[in-house]
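> below is the structure, and that's it, no one-letter string:
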């Protein structure tokens, strides 16, 4: 009796282990194909920055063209267009049914 109880648990453990191994291999192969390429950075960007303050560039900034607030033109945004208002749904008017038409017409029995 004891031997029969161990067999199903052993089989289920082997099945789960096999599924785990197969999925592990599959996802490892998938990651190898989808892996992003390494980023190549040019050596100019990787060079260290010079810690000295560049006074020539600062002096060039002072010589640039400057506009006062009065000289800056005022920029106005274009006017907004009117948004269409939601229309009310059309109302349905009742129309006469076939029963009303038939009841309004007189019935002539000529066979009597």
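Structure's in. What do you need? These numbers come from a predicted model, not from an experiment. Numbering: from 1, shown residues only.
> max-length helix in the protein?
The longest helix of the chain (DSSP state H) is helix 2-34.
> show me the shaky parts of this structure.
1-7, 84-86, 96-112 (pLDDT under 70).
> swap in 90 and give it another go.
Residues of the chain meeting the criterion pLDDT under 90: 1-10, 32-33, 35-39, 44-112.
> and the longest helix of the chain, which residues are buried?
For helix 2-34, the neighbour count (16 or more other CB atoms under 10 Å) marks no residue as buried. Every residue, glycine included, has its C-beta placed from N, CA and C.
> how about residue 78, secondary structure?
Secondary structure, DSSP: H, G, I helix; E, B strand; the rest coil: residue 78 is coil.
> look up phi and psi at it.
Per-residue torsions, residue 78: phi -60, psi 150 (degrees, to the nearest 10).
> just to revisit the earlier point, following the longest helix of the chain, which helix or strand comes up?
Using DSSP states H and E, the helix or strand that follows helix 2-34 towards the C-terminus is helix 43-46.
> so how far is that following helix from its chain's centroid?
Helix 43-46 sits 36 Å away from the centroid of its parent chain (CA atoms, centre = their mean, to the nearest Å).
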